[in-house]
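Enquirer: I would like the atomic coordinates for the input below:
(one chain, ligands or ions: 2)
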Amino acid sequence: MSRFQNSQIREKYGIPNNAVITIGGTVGVGKSTFTHALADQLGFRVSVEKVDNNPYLSRYYGDLSRWGFHLQVFFLAERFKEQKRMFDYGGGFVQDRSIYEDTGIFARMLYEQGNMTEEDYRTYTELFEAMVMTPYFPHPDVLIYLEGSFDDIIDRVKERGRPMEQQTPVDYWQDLFGRYEKWISSFNACPILRVNINEYDVVDDPASVESIIARVAEKIRLGRETRL
Ligand SMILES: Nc1ncnc2c1ncn2[C@@H]1O[C@H](COP(=O)(O)OP(=O)(O)O)[C@@H](O)[C@H]1O
Ligand SMILES: Nc1ncnc2c1ncn2[C@H]1C[C@H](O)[C@@H](COP(=O)(O)O)O1
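Expert: Numbering: from 1, shown residues only. Ligands and ions are numbered 1, 2, ... in the order given. Here you go, the predicted structure:
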């Protein structure tokens with residue numbers, strides 16, 4: 001899509017050029033695919049997670065308690081660097097997964113499963129709060145929360161075929177799925193737009209993402225009004 005078409009779409013729906021839109025949801029739900037499709041429509045930059053060059057991820061899946069703390073600190077540092085990059089550019093980003101999911105879902109799950117010690121969990125939480133829960137940390141304009149049935153999501157994880165995820169017991173994905181549902185119902189760091197994965201089809205009909213943009217714009221507008 002050309003830059004001109006991008007700016008026409010932003011103008012048509014009233015998406016500010018400096019908006020930061022973050023995409024949340026459990027593993028395999030379709031965040032990365034949606035991030036790229038939405039950024040392509042809006043002409044925004046993407047902020048993506050480090051998966052292939054991640055030094056801890058596959059070791060983490062092999063031994064959660066040995067590598068859980070390392071992985072959480074790694075992701076926190078990566079997402080914080082990305083936050084700075086988005087700030088330096090003055091926004092205009094779609095971000096694949098929010099920083100809030102690391103602490104609210106993954107670190108907490110590790111601790112509650114007995115895969116992170118109380119000391120490590122406290123250290124991680126204090127680090128997160130010192131870095132993120134301050135007035136200086138710009139929260140995104142909106143969190144687009146992707147949701148779908150557990151079976152559909154597991155099918156996508158299988159279809160994607162990352163070996164480390166294929167070897168992980170289904171209980172892990174089930175626990176994560178339940179935690180996501182609970183977490184989103186009390187999330188309040190920024191406005192949320194819930195989107196069911198059956199509402200669009202990025203693979204065969206990328207333009208179907210446009211139908212969601214008007215709802216995104218409304219959330220951003222209302223969020224910015226209340227922040228004034
Ligand atoms: N709207 C969609 N329709 C069909 N398949 C999809 C859709 N979105 C994503 N997928 C597929 O599902 C798998 C997981 O998607 P991905 O975007 O990597 O998820 P996430 O980033 O949430 O882990 C990939 O194989 C991807 O091609
Ligand atoms: N904070 C995290 N803790 C554990 N695992 C994580 C965390 N953030 C991402 N991950 C994993 C989950 C997936 O295997 C890859 C990429 O995430 P995806 O949802 O597929 O984009 O990293």
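Enquirer: which bits of this protein sit near ligand 1?
Expert: Selection of the chain residues close to ligand 1 by C-beta under 6 Å from any ligand atom yields 25, 27-33, 156, 159-160, 197, 201-203. C-betas here are computed from N, CA, C, even on glycine.
Enquirer: Tell me which other helices or strands the host helix or strand of residue 4 touches.
Expert: In this assignment (DSSP states H and E), residue 4 forms part of helix 3-13. Helices and strands touching helix 3-13, by 3 or more C-beta pairs under 8 Å, 6 or more residues apart in numbering; DSSP states H and E, are helix 31-42, helix 210-227.
Enquirer: Need those helices in CSV (columns: mean pLDDT, distance to ligand 2 and mean neighbour count).
Expert: CSV is the format used below for the helices and strands packed on helix 3-13 (pLDDT from 0 to 100; distance: least, C-beta to the nearest ligand atom, whole Å; neighbours: other C-beta atoms under 10 Å):
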stretch, mean pLDDT, distance to ligand 2, mean neighbour count
helix 31-42, 96, 5, 21
helix 210-227, 93, 19, 16
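Enquirer: right, and those - which one's nearest residue 123?
Expert: Residue 123 lies closest, by C-beta to C-beta, to one member of these: helix 31-42, at 27.7 Å.
Enquirer: can you list contacts of stretch 213-228?
Expert: The contact list for stretch 213-228 (C-beta atoms under 8 Å, 6 or more residues apart in numbering) reads 9, 13-16, 19, 21, 38, 41-42, 141-142, 144, 190-193.
Enquirer: Can you tell me which of the residues you listed are buried?
Expert: Buried by 16 or more other C-beta atoms under 10 Å: 9, 13, 15, 19, 21, 38, 41-42, 141-142, 144, 190-193, out of the contacts of stretch 213-228.
Enquirer: Fine by me, we can end here.
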